[in-house]
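Undergrad: pasting the sequence and the predicted coordinates here, then a few questions.
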Amino acid sequence: MKKLIAVVIGVFCGGLMFAQEPHDTKKDTTKLDEITLVGRRKLSHHRQEKTLSSIDDYLEKSNKITMIKRGNYAWEPAMNNMNSERLNVTIDGMQIFGACTDKMDPITSYVDVSNLQKVSIGSGQSGSENGHTIGGGIDLKLPNSKFHESGLKSSVDLGYETNGSYRTGGVDLEYSGKKFYLNADGIYRRSDNYDAGNSEEVLYSQFQKYNVSLQSGFQLNENHTLETAIIYDKATDVGYPALTMDVSLAEALITSVTHKFENDSTFIQSLESKLYYNTITHIMDDSKRPVVPIRMDMPGWSDTYGFYSKAKTNIDKHALEVNLNGFYNRSLAEMTMYPNDPNQSAMFMYTWPDIRTLYSGIYVKDTYAINDHNSLSAALRIGFHQNEIAKKTGLESLQIFYPEIEATKNRVLTSFSTNYQVKRKHYDMSFGAGYGERAPSVSEGYGFFLFNSFDNYDYIGNPTLKNEKSIEANFSTNYHENNFHLGLDASYFYVMDYIIGRIDGSLSPMTIGADGVRIYDALSNAKIFNVYLNSSYKFSNSFSVNGTVGYNYGSGSNGENLPLIKPFSYLAEVNYSIPKFNAALQLEGNGNQTRYSSFYGEDETPAYAILNLNLGHEFNLNDNKMVLKYGIENIMDTNYSTYADWNSIPRQGRNFYINLSYIIY
Amino acid sequence: MKLKYIIPILFVTLITMSCSTDDDNSDLIINEVENLKKIKELTNATHTIELFNATGKFETGYNAITIRIKDNATDNYVENASLSWMPVMQMPTMKHSAPKSDISKSLGTKTLYEGYIIYQMANLDGSGWSLAIDYAIDGINYSITSDITVLQSEYQNVTSFMGADDKRYIIAMIEPRSPKIAINKLQLALFEMETMMSFPVVADYKITLDPRMPGMGNHSSPNNTDLTYNLATKLYEGNLSLTMTGYWVLNLKLLNDSDEVLKGENVTEEHPKSSLYLELEF
């Protein structure tokens, strides 16, 4: 064993030299359309990760996704250089909307790895199964039915990281019978302020959260099952170093009842119907900040009721899917400011004036297998979308800006995509084209003086915005030859009526210190392009190298660069993996962000590169199993920030971590 | 089938009947002041004059006043009086009156009369003001005088000032009386203090408006309009946008009919408040 470890270390030292040549090392990222969250029980074969990594950490490992960071918690996913408004993020097909006007609570912050089985990612219009999108869809999938008859199983996870003394603990209890299963899990995370490189403490980067979930299922008969899921997630004392306010409470209750029908001999082979309800409370405050121009509270609420019904059938060479879904959302947020002069009374406004969104739509997808090598698919989604300003005060306050508007606004949204795939022994290719539309988000349509600390402007929603429309084309190809793999993946989006803020010099900002007011408006078009080249080579069954380089481009019809466009990026990795042990050394970096968008508040982010080392062991102890993962992130203690860091807050410096999982069968 | 026609007819009949019984009920007259609070009773040998408004007290600024006269002998309310009034402030060395309207019968009521008085100042203890009411019923003249209490409003909703033309003016806010987060209709009354006792309405001047929130960086609001004179209401009217609740300063400038500034300045970083302003909080 000792010899083996010595050999591994030797290989790694060699790999280190190799990895520093990013252009020579390629990474295996063929499976861009779907990442699988490989529970907390198994070692991942493809990616080295922490067993207790958060969803955010997890998503960040995907090439397609970058996480926009406002702190150490609740990162906002972005895909194809587009974020929240242009993505459709769902939890197992359930629509759920954050309750924070400043995007401090992306949906991904209300679930934890312990709740999920996998994350399915569809780029562009291929992500429109659950709703309308421009950039793509992310569906956080809950575990499948567990009628395994495996009896009782439990596991305990513990994690510690030196940077910010981040503590994690989780327990998981599962009972699986023939007709009934029950799964309960809980996870607790707490971190103090983390240190950026060179031991620079990042103030207000602490967080604390717990998440509990309960899932159960009943097998009613051979074809019918009924399942329920409840997730409760509560974060308190969350700091946002990039913003002027923190969060004292972010709380979500996510519930669903699902009926599943499966029968291979009927016309409809599977039918899954779900009824769901979720409610979010989000309370922003600044009570922990010693110096603020003015004290304020900004609570927000979001409740969503919805359903979907998905049917699947195969007719000859056609695989047909139909998804009928609908939801009703209520978004309300308010702001109370306490003047420094105690004689003046508090100032109050609705920042989201009780906006009700009603949506119902249908999605149909047909995949036609032309022959063993070629397949063609087409998907269509059509939906009816209605916004209503429920509060009279809300309507009247927006009428200050738009005297003509009425309380309700109806839209019809369509989405269409088609894809042609060729699969041969040594290569595969995929050509896709699509058209999609989306309605403005609540903030874009109805936000009232939402301060954006990124560009330092107050934003006013615009209920008269047109639907944003996108034409996209994508191409991907992979080539395999023996142990060598090469892949290319490119997407191009031509977005019409691209929604973004326009400076209105005649308006006076409300927020003290803001530079002005931007009204949400549309550029006549914007172009977004990205291309990734990845490659891998397997020296042996256990030893491999891989690398990826990526380039992204985005500009608007006004001649300005779009904000939050990823600069040239690269990732190189050396992997060693044998049964019961794996190790990986990663080099990750970005080039200089030369095409930054000063017009939209960006500054130039310099190039950076960091090194990570991950190790994993698996032990069998009697009948039980123990998984140990440990490693060093940012080995060189580099002080850096990326283009996706809000207001350029520096990222974590060197971090030693250890995760321990103990599974009792 | 026929039931379909009978039921609506029945309903209509029921509704009309219930409405007509309400109309016939003369005992409801007492409720003509239902939503008002009594400010004061002024009494002489023959009559009691009751003064009402929404708050039950006089404060500086615009006071809409509802009046009712009771015959002390019969306890009936007088329906055919004609009234006039004169508020007077007694100062140590002089006395003056206040801008006021005529008193007219309240539309749609039997026993009520209405008018307004704009108290431009008050002593801290509310003393100093008196109100004289002359009235005539069936050709006989009567009069009542009494001290009244006028309290200082918390916010400056009236201001009296000397214009650049060496004339003294009074500006008072009439609307909005219940401001909301919206575009509010702003109505200001402008009077010239011709003498101590005479305050004629000034027509066809212009008042510019710049509302600000000093508690929040002195920010303004969009889509306000300057005020112009409305011949029908005899008030200056414009749009006032209030984007949030709280304390607002309405910075004003008064321009005469030749567009010369009589009072007030533009708000700038160095000069956060015009010398001519009103305040409101909600």
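TA: Happy to help now that I have it. Numbering: from 1, shown residues only, chains lettered A, B, ... in the order given.
Undergrad: any residues of chain B in contact with chain A? List them.
TA: Residues of chain B found near chain A (CB under 8 Å from any CB of the partner chain) are B:180-183, B:213-217, B:219-223, B:241-247, B:281. Bear in mind the C-beta positions are built from the backbone N, C-alpha and C, glycine included.
Undergrad: A:E149 - how many residues pack around it?
TA: 10 (other CB atoms under 10 Å in any protein chain shown).
Undergrad: how near is it to A:Q219?
TA: Separation of A:E149 from A:Q219 (CB to CB, to the nearest Å): 11 Å.
Undergrad: overlap in contacts of these two?
TA: Residues touching both A:E149 and A:Q219 by CB atoms under 8 Å, 6 or more residues apart in numbering or on different chains: A:K178.
Undergrad: tell me the SS of B:S275?
TA: coil (DSSP: H, G, I helix; E, B strand; the rest coil).
Undergrad: again with A:T642
TA: Using three-state DSSP, the secondary structure recorded for A:T642 is coil.
Undergrad: report the contact partners of it.
TA: A:N590, A:T605, A:Y608, A:R651 are the contacts of A:T642 under CB under 8 Å, 6+ apart.
Undergrad: quick one, which of the residues of chain B next to chain A are buried?
TA: For the residues of chain B next to chain A, a burial check counting by 16 or more other CB atoms under 10 Å in any protein chain shown picks out B:181-183, B:213-217, B:219-222, B:241-247.
Undergrad: which ones among the residues you listed map onto strands?
TA: Counted as lying in strands by DSSP state E, out of these, are B:A182, B:I183, B:S241, B:L242, B:Y247.
Undergrad: now do the contacts for the fourth one.
TA: To tie it back to what came earlier, the one meant is B:L242. B:L242 sits in contact with A:I400, B:P179, B:K180, B:I181, B:A182, B:N184, B:P211, B:S221, B:W248, B:F282, where contact means CB under 8 Å, 6+ apart.
Undergrad: swap the cut-off to 6 Å and go again
TA: With contact set as CB atoms under 6 Å, 6 or more residues apart in numbering or on different chains, B:L242 has these partners: B:P179, B:I181.
Undergrad: partners of it in the sheet?
TA: Assessed by DSSP bridges, B:L242 has beta-bridge partners B:A182.
Undergrad: read off the pLDDT value for it.
TA: Looking at B:L242, its pLDDT reads 95.
Undergrad: and for B:V88, the neighbour number?
TA: Look at B:V88: counted by other CB under 10 Å, it has 17 neighbours.
Undergrad: ok but it is inside a strand, no?
TA: Yes. Applying three-state DSSP, one finds B:V88 inside a strand.
Undergrad: which stretch of helix or strand covers A:T393?
TA: Per DSSP states H and E: A:T393 is located in helix A:392-399.
Undergrad: now do A:L376
TA: Going by DSSP H and E, A:L376 is part of strand A:374-389.
Undergrad: how about that strand: buried residues?
TA: Neighbour-count burial for strand A:374-389, counted by 16+ other CB under 10 Å, picks out A:S375, A:S377, A:A379, A:L380, A:R381, A:G383, A:H385, A:N387, A:E388, A:I389.
Undergrad: now flag whichever of the residues you listed is closest to A:M296.
TA: A:I389 (22.9 Å; CB to CB).
Undergrad: list the buried residues of the helix or strand following the helix holding A:T393.
TA: Later in the chain than helix A:392-399, the nearest helix or strand by DSSP H and E is strand A:408-423. Neighbour-count burial for strand A:408-423 flags A:K409, A:R411, A:L413, A:T414, A:S415, A:F416, A:S417, A:T418, A:N419, A:Q421 (criterion: 16+ other CB under 10 Å).
Undergrad: ditto for stretch B:147-163
TA: Neighbour-count burial for stretch B:147-163 [16+ other CB under 10 Å]: B:148-153, B:155-161, B:163.
Undergrad: rebuild these as CSV, extending it with pLDDT and secondary structure.
TA: Converted to CSV, the buried residues of stretch B:147-163 look like this (pLDDT from 0 to 100; DSSP: H, G, I helix; E, B strand; the rest coil):
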residue, pLDDT, secondary structure
B:I148, 93, coil
B:T149, 93, coil
B:V150, 94, strand
B:L151, 94, strand
B:Q152, 93, coil
B:S153, 92, coil
B:Y155, 93, coil
B:Q156, 95, coil
B:N157, 95, coil
B:V158, 95, strand
B:T159, 95, strand
B:S160, 94, strand
B:F161, 95, strand
B:G163, 95, coil
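Undergrad: and the residues you listed, which two are the farthest apart?
TA: Across the buried residues of stretch B:147-163 (CB to CB), the longest gap, 30.9 Å, separates B:T149 and B:G163.
Undergrad: near chain B, which residues of chain A?
TA: For chain A, the residues in contact with chain B (CB under 6 Å from any CB of the partner chain) are A:339, A:344-345, A:347-349, A:393, A:396-397, A:400, A:507-508, A:510, A:512.
Undergrad: in PyMOL, how would I select the buried members of the residues you listed?
TA: Only the buried entries of the residues of chain A next to chain B go into this PyMOL selection, using 16+ other CB under 10 Å:
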select buried, chain A and resi 339+344+347+348+349+393+396+397+400+507+508+510+512
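Undergrad: so of the residues of chain A next to chain B, which ones are in strands?
TA: Judged by DSSP E, strands contain the following of those: A:M347, A:F348, A:M349.
Undergrad: which residues touch the nearest residue to the last one once chain neighbours are set aside?
TA: It refers to A:M349. In this structure, A:M349 finds its nearest non-sequential neighbour in B:M244, 3.7 Å apart by CB to CB, 6 or more residues apart in numbering or on different chains. By CB under 6 Å, 6+ apart, the residues touching B:M244 are A:M347, A:F348, A:M349.
Undergrad: nearest residue to the residue in the stretch 1-150 of chain B positioned nearest to chain A in space, please, no chain neighbours.
TA: Nearest residue of the stretch 1-150 of chain B to chain A: B:L124, at 17.0 Å (CB to the nearest CB). Take B:L124 and drop its neighbours on the chain: the residue closest to it by CB to CB, 6+ apart is B:Q152, 6.8 Å away.
Undergrad: how close does that neighbour get to B:R168?
TA: Taking CB to CB, one finds B:Q152 at 20 Å from B:R168.
Undergrad: swap in A:Q586?
TA: Distance, A:Q586 to B:R168, by CB to CB: 81 Å.
Undergrad: between those two, which one's more packed in?
TA: Set A:Q586 next to B:R168 and count neighbours by other CB under 10 Å: A:Q586 wins out with 23 against 13.
Undergrad: just checking, that one touches A:E573?
TA: Yes. Using CB atoms under 6 Å, A:Q586 is in contact with A:E573, at 4.8 Å.
Undergrad: if we can go back for a sec, each with direction, which strands does the strand holding A:L376 pair with?
TA: Here strand A:374-389 has these sheet partners by DSSP bridges: strand A:347-369 (antiparallel), strand A:408-423 (antiparallel).
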